[in-house]
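Undergrad: below are the sequence and a predicted model for it; my questions follow.
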There are 2 protein chains.
Amino acid sequence: MSLRYERLHRDAGTQARRGRLHTPHGTVETPVFMPVGTQATVKAIGQDDLRALGTEIILGNTYHLMLRPGPALVGALGGLHRFMAWDRAILTDSGGFQIYSLARSRKLTEEGASFQSHLDGSQWLLTPERSMQIQETLGADIIMAFDECAPSKAERPYLEESLARTTRWLHRCAAAWTRGSSALFGIVQGGLDLELRRRHLAEVCAVELPGYALGGYSVGERPEEMHASVAEVAPLLPEDRPRYLMGVGTPVDLVTAIGAGIDMFDCVLPTRCARNGLLFTTRGRLNMRNAVHARDERPPDAACHCYTCRTHSRAYLRHLFVADELLALRLATLHNLHHYLELMRGARAAIDADHFGAYAGRIREEESGRVPGGE
Amino acid sequence: MSLRYERLHRDAGTQARRGRLHTPHGTVETPVFMPVGTQATVKAIGQDDLRALGTEIILGNTYHLMLRPGPALVGALGGLHRFMAWDRAILTDSGGFQIYSLARSRKLTEEGASFQSHLDGSQWLLTPERSMQIQETLGADIIMAFDECAPSKAERPYLEESLARTTRWLHRCAAAWTRGSSALFGIVQGGLDLELRRRHLAEVCAVELPGYALGGYSVGERPEEMHASVAEVAPLLPEDRPRYLMGVGTPVDLVTAIGAGIDMFDCVLPTRCARNGLLFTTRGRLNMRNAVHARDERPPDAACHCYTCRTHSRAYLRHLFVADELLALRLATLHNLHHYLELMRGARAAIDADHFGAYAGRIREEESGRVPGGE
């Protein structure tokens, strides 16, 4: 197995884990946050920026890359790493989630998911086998099983049928998986129903795989519901495999899930918020379009060492956002990703020092904006 | 006088000049191309990028900065250099050209130009004195006289009246100019009429100033008309002062004007073209959206050493443009500005070596795409 998960330390007071993923494209220290590079680029920044931020792994979206530029083209050009000139690790999702959230006229059958492209209405069919084939052609270091992320409001009979099908699809994924240097992760679904979660987790983890993920969270439920469910479910995942909570979340979501034993995260939140002018800081959140910043010479976050905070004032960033200048998007994205990656560096150091619980508490305070000595 | 122009060498076969501008924010080797930073940012790239490109001076637009964020704000925050965190040289224009090209309901009187903002329709008045005051508040190292860039199709009586007024405005600018570390340049107008150009040049150069510019070119005339006129007019400018050809131009325009003795240029062409997917290369121009690039693994320009060409393929750039990804704009802008700055580095070396004529000929061949051994 080309992906090796090295367990380093468990926090004394929580279930938080320090670990290390050894991938064909370098080592990834966990817990880790993976910036989302939907279309073979993390929106608004370059691969030079990602490298300077210390990014060790990014996520690519199979649904988007399948439609454009297409796996055949990426494969012919040597795979996703070479296509986008990124020599560190890449994880691709299966395409299932975007079919659920973006595609039109989708129809699920036992075979797979047929849908219309959100770009041009063209007709597509994605199956477990095809998802494996595409992800292996893209050449990601970690690939995800093709699943259904059932609507959170679905009736229980539908959910049970969906989970059984996702399990059957997982067996088809595992059978179709051929590339050793693309490590396949299974995905546990089941919404907020703990009984269904536990049952599906047992089915998924019965398949021996390099890693396991929790899907179907952060799809509209309250954060407390997600936190409570993850706290119950995460510890049931195999101890000797990396655990990935898909599509999550806020800084508070991250430290809460790390405390439950999660190792990997991805989310569009820091990058999407950045493009909307919302910055995460150690003193809470800042809306850079706000007039209150117009003459503020301070950096967005005085405690932050990112390029943006080392170089520019709130006043300048506010001007760039108000004037619709492209540089605003890059500067804000650099800051938010730095904030997230720093959050994870801090989490790793706190686990190493056996005081992760206190660290998580400090992050909750920061996010609430109620920082002692704060503004 | 805080701006000192050092004459270094004159090309043996042309009127091309090597020189050096000593400004309060560093030395500028001439001939120089100044990237346009309209709203206190060069669109799509950062100040870190500008520095890495070797940029020694950029241009800011008084019209845009006056409307947003406003000179009072920039002044209160320590001036344009500090506001945008750019510690090298800055030149600001007078605002006159944008009033002519962008503003609504403009009306010229002896006092100045009244107009409505293109942003919100608000009413403004810009006068020679106000333009000086704004530019000095912004704190640019070089500031431009407030002039009228008369429509190229204007009747001769209107042109004569306009030029006489621009001369009177120049005297008012010189009288209102108080800040030693902002060097005032006069602007010669006169369209394509050589007699008017010569007469106005004599009037403008009668005012002792740190530098002089040619305005009113590249406003719709054929390139050959502009080249012929500049070739006549540029050599009449004082030899011991920097000579700036405003708003010009293509690579061929630049080498042609350098050969006539011009030292300074600015133009939105490389940055605007970049955002439209048009790249300048040593083998002619490339439209990156073209399907022919879809599977092309070569860099945009194999002879180019910019970050984009060192890192990425035409196929990847084409994908980014087709997918409307922000990174496309930065990568293309980096390349085009590198191409322009490299063009100027080559021009300076060629002048030093007394073979500028041959260099200009090679650039004309490159731009025509008819390069020996080319594609």
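TA: Ah, there it is.
Undergrad: and A:Pro300, what pLDDT?
TA: For A:Pro300, the pLDDT comes out at 98.
Undergrad: repeat for A:Ser368
TA: With respect to pLDDT, A:Ser368 has a value of 87.
Undergrad: ok, it touching A:Arg285?
TA: No: A:Ser368 is not in contact with A:Arg285 according to Cβ atoms under 8 Å; the separation is 10.1 Å. For glycine as for every other residue, the C-beta is placed from the backbone atoms N, C-alpha and C.
Undergrad: of these two, who's got more company?
TA: The neighbour count for A:Ser368 versus A:Arg285, taken as other Cβ atoms under 10 Å in any protein chain shown, is higher for A:Arg285 (14 against 11).
Undergrad: now do the SS call for that one.
TA: strand (DSSP: H, G, I helix; E, B strand; the rest coil).
Undergrad: that one against A:Leu279, yeah?
TA: Yes: if you go by Cβ under 8 Å, A:Arg285 and A:Leu279 touch, sitting 6.7 Å apart.
Undergrad: which residues of the stretch 151-300 of chain A lie near chain B?
TA: Residues of the stretch 151-300 of chain A lying near chain B by Cβ under 8 Å from any Cβ of the partner chain: A:Ala294, A:Arg295, A:Glu297.
Undergrad: mind putting those residues into CSV with neighbour count?
TA: Formatted as CSV, these follow (neighbours: other Cβ atoms under 10 Å in any protein chain shown):
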residue, neighbour count
A:Ala294, 15
A:Arg295, 15
A:Glu297, 13
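Undergrad: what residue of chain A is the furthest out?
TA: In chain A, the residue that sits farthest from the middle, by Cα atoms, centre = their mean, is A:Arg295; the gap is 35.7 Å.
Undergrad: got a list of what that one touches?
TA: By Cβ atoms under 8 Å, 6 or more residues apart in numbering or on different chains, A:Arg295 lies in contact with A:Ala315, B:Leu73, B:Ala76, B:Leu77.
Undergrad: nearest residue to A:Gln133 in space, please, no chain neighbours.
TA: Nearest residue to A:Gln133, sequence neighbours excluded (Cβ to Cβ, 6 or more residues apart in numbering or on different chains): A:Ala176, at 7.1 Å.
Undergrad: correct me if wrong: the one you found contacts A:Glu129.
TA: Yes: A:Ala176 is within contact range of A:Glu129, at 4.3 Å (criterion: Cβ under 8 Å).
Undergrad: now do the host helix or strand of A:Phe185: distance to the chain's middle.
TA: Counting by DSSP states H and E, the element that carries A:Phe185 is strand A:183-188. With Cα atoms, centre = their mean, to the nearest Å as the basis, strand A:183-188 stands 14 Å off its chain's centre.
Undergrad: what's it packed up against?
TA: If you count contacts as 3 or more Cβ pairs under 8 Å, 6 or more residues apart in numbering or on different chains; DSSP states H and E, strand A:183-188 packs onto strand A:142-144, helix A:156-176, helix A:194-205, strand A:211-214.
Undergrad: tell me which of the ones you listed is the most buried.
TA: Sort the helices and strands packed on strand A:183-188 by mean neighbour count, taking mean count of other Cβ atoms under 10 Å in any protein chain shown, and strand A:142-144 sits at the top with a mean of 27.
Undergrad: and the longest helix for chain A?
TA: In chain A, with assignment by DSSP state H, the single longest helix is helix A:326-352.
Undergrad: that helix vs helix B:326-352, what angle?
TA: 110 degrees (axes from the mean of the first three to the mean of the last three Cα atoms, to 10 degrees).
Undergrad: quick one: distance of helix A:326-352 to the chain centre.
TA: With Cα atoms, centre = their mean, you get 14 Å for helix A:326-352.
Undergrad: can I get the helix or strand harbouring A:Ala315 in PDB, CA atoms only?
TA: In this structure, A:Ala315 sits in helix A:314-322 according to DSSP H and E. The C-alpha trace of helix A:314-322 is given here as PDB (Å, rounded to 0.1, in the frame of the first residue of the first chain):
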ATOM      1  CA  ARG A 314      -7.100  47.100   6.500                       C
ATOM      2  CA  ALA A 315      -7.600  50.400   4.700                       C
ATOM      3  CA  TYR A 316      -5.800  49.100   1.600                       C
ATOM      4  CA  LEU A 317      -7.700  45.800   1.600                       C
ATOM      5  CA  ARG A 318     -10.900  47.600   2.100                       C
ATOM      6  CA  HIS A 319     -10.100  49.900  -0.900                       C
ATOM      7  CA  LEU A 320      -9.300  46.900  -3.100                       C
ATOM      8  CA  PHE A 321     -12.600  45.200  -2.200                       C
ATOM      9  CA  VAL A 322     -14.700  48.300  -2.700                       C
END
